[in-house]
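[1] requesting a structural model of the entry that follows:
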Amino acid sequence: MTSRSTPGPDLLAVAASLRQGTIRLARRIRTVRSPAALSTNKISVLSHLHRHGPSTAGEVAASDRQQPQALTRVFAELERDGLITRRAAAADRRQSIIAITEAGSRALTEDVAERDAWLADALASLTETEREVLRLAASLMDRIAGR
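    A predicted model of the protein is given here:
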């Protein structure tokens, strides 16, 4: 929606249905992860570093609309576990540059593979037409998220 007008009842119904389905699926995907899986915050940090490369704590936090202080413990645990490294920034030695390690990339890949395997198994019960509708919906949802 590009204007500030109030959406009609049809759009509100679609929005509510999409929100409910998205939240329910996200919750389900979280519950099928193994008990030893990394926390959502840790996966988010590793995903950011994997996509964007070495970043400051502020950049990582901003990508999730959090304050860097909220991720202090997450950064410390990831560093302790060898999944990230921290080094002082050349331009400002008070800032740290955080980077994902090979072990961090492996942990991220394993986590994503576990969730994708569950989802692929669930998709197998759908018809080819239903899977194509979801392929299109995924693209549209990504586009909406990028607004």
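
[2] what ranges of this protein fall below the confidence cut-off?
    1-4 (pLDDT under 70).

[3] show me where it has its helices.
    Using DSSP state H, the helices of the chain run over residues 9-31, 40-52, 57-63, 72-80, 102-123, 128-145.

[4] do you know which of those lies nearest residue 89?
    helix 57-63 (10.3 Å; CB to CB). Heads up, the C-betas are built off the backbone N, CA and C, glycines and all.

[5] could you name the helices and strands sitting against that closest one?
    helix 40-52, strand 96-100 (3 or more CB pairs under 8 Å, 6 or more residues apart in numbering; DSSP states H and E).

[6] can you pull the contacts of the residue positioned nearest the centre of the chain?
    Centroid-nearest residue in the chain, with CA atoms, centre = their mean: residue 44, separated by 5.0 Å. By CB atoms under 8 Å, 6 or more residues apart in numbering, residue 44 lies in contact with 63-64.

[7] ditto for residue 83
    Taking CB under 8 Å, 6+ apart, we find residue 83 in contact with 42, 46, 100-101, 103-104, 107.

[8] could you do residue 45 as well?
    Under the criterion of CB under 8 Å, 6+ apart, the neighbours of residue 45 are 60, 71, 74-75, 78, 84, 98.
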